[in-house]
Each structure stands twice: as C-alpha cells, then as structure tokens.
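>>> just need the structure, nothing else, for what follows:
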Amino acid sequence: MTADSQEGVIELLIERLGRLPGIGAKSAERLAHHLLKSPAEEVLALAESLRAIKERVGFCSRCHYLTDAGNSLCVICRDPRRDASVICVVEQPRDLMALERSGCYRGTYHVLLGRLAPLSGVGPDQLTLESLIERVRNSEVREVILATNPNLEGDATAMLVSQRLENMGIEVTKLARGLPSGGFLEFANKEMLADAVLGRRKY
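Predicted coordinates for the structure are as follows:
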C-alpha cells in the first residue's frame, strides 16, 4: 500500500466518523488515530459489533422501538400485561429505556425516531407520526402521553403531535415538569422520571 493510499484510508475513516452526531472534525481525527494505534482484535471486535446491530437489530413494526431482527414486534408490544389503551410518545429508543428504568409506567410506547429540527432538515415526514395516528385511529386508545424532551425542539414536536391528535376523542397529556427545562430524559434519574410520569397533566 502506498503512502497516498494509506492516507486515503485514514481520511475516509475520519470523514465517516465525522458524520456521527456530536463528533466534529477534530474528534473524528482523534478517534481515527486512536483506532489506528489500538490492538487489531479490539478494532475488529468494534467492527463486528457495528455489523451485528445492522444484521440482528431492527425496529418494531408497531411502536418503532428496538427488536430482534426475527421479530416484527418488540418485547413491550408483545407483552399482554401492558395497558395498550395508553401510549407514551418519546423521541428515541434511549428515552423509552430511561422511562422503563423508572418502573412506574405499564402502558405502551411510540418512538418518533427523532424530533422536529427544521435547521437540520428534520420535519414531520422524517418522524413516525403517521404510524402513531394510524395506531390511535385503529385501536382502543384512551390516552396519549407526550414525553418529548423538555426543550425547544421537544416542545415543538409535542405541539405537532397534539395538533395531529385533535378531535380523535382521546386524552392528550404531557409529563409533569419534574424534568428540568432544556434537559434530556436519558440523563434523568428514575425518581425524577417517576414524578414526571405520575404527575402528568392534560396537554
């Protein structure tokens, strides 16, 4: 391999790492050189993990949470003990995981797989909103809890969902502000999340 091709491989890795959220050009460069210095078995194990999540992990056809590639429904949607008449709407799978750790909620979920962010090119069509509307329309849902993150984009997303659910004959609530404004669900402790869920109010 020539020096030019070696540099090209590294530059390509830096460019691809830089596409990851929260990774800037400098961080991508540091990560690339860290991987270059790491033992081959560690790097190959990381590559295998990346391949495995694409081959073995998918999204639930109903709520869009994570599921095994062989199952169309996730473990929560398959659980008959969950209250299917209540749907908690979250932005990302990690938000669902945080709420599950609180142990205070026994309904079902809907994962939007994002939030409104016009400056980043994320509009309503990039969310799983239509799937949520279809669920509400075709099942006996009595309440939808809006559990988007308590910040500007999360609030805009909650407002959009609320508007789309108007006149559908269900109660729309949102988490109580036990969560700090501008914060993220994934960083809240379970007591804070429990207070927010149990103290939810009409949207």
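>>> can you pull out the strands in this protein?
57-59, 66-68, 83-90, 107-111, 143-146, 171-174, 201-202 (DSSP state E).
>>> I'd like these written out as a markdown table, with distance to Ser181, mean pLDDT and mean neighbour count added.
Where you see a C-beta, it was placed from the backbone N, CA and C, and this is true even at glycine. Formatted as a markdown table, the strands of the chain follow (distance: least, C-beta to C-beta, whole Å; pLDDT from 0 to 100; neighbours: other C-beta atoms under 10 Å):
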| stretch | distance to Ser181 | mean pLDDT | mean neighbour count |
| --- | --- | --- | --- |
| strand 57-59 | 30 | 92 | 15 |
| strand 66-68 | 28 | 93 | 16 |
| strand 83-90 | 17 | 97 | 20 |
| strand 107-111 | 22 | 98 | 23 |
| strand 143-146 | 15 | 96 | 22 |
| strand 171-174 | 13 | 94 | 18 |
| strand 201-202 | 16 | 76 | 8 |
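>>> could you dump the ones you listed to a markdown table with distance to Asp195?
Below are these laid out as a markdown table (distance: least, C-beta to C-beta, whole Å):
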| stretch | distance to Asp195 |
| --- | --- |
| strand 57-59 | 30 |
| strand 66-68 | 26 |
| strand 83-90 | 15 |
| strand 107-111 | 17 |
| strand 143-146 | 14 |
| strand 171-174 | 14 |
| strand 201-202 | 12 |
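>>> now for the ones you listed, which one comes closest to Met159?
Shortest separation from Met159 across these is recorded for strand 143-146, at 8.8 Å, computed as C-beta to C-beta.
>>> report all helices and strands that that closest one contacts.
Judged by 3 or more C-beta pairs under 8 Å, 6 or more residues apart in numbering; DSSP states H and E, strand 143-146 is in contact with strand 83-90, strand 107-111, helix 152-164, strand 171-174.
>>> now do the longest one, average pLDDT.
In other words, helix 152-164. Helix 152-164 shows a mean pLDDT of 94.
>>> what sits up against that helix?
Helix 152-164 is contacted by residues 89, 91, 112, 115-117, 124, 127, 129, 132-133, 144, 146, 148, 172, 174, 203 when judged by C-beta atoms under 8 Å, 6 or more residues apart in numbering.
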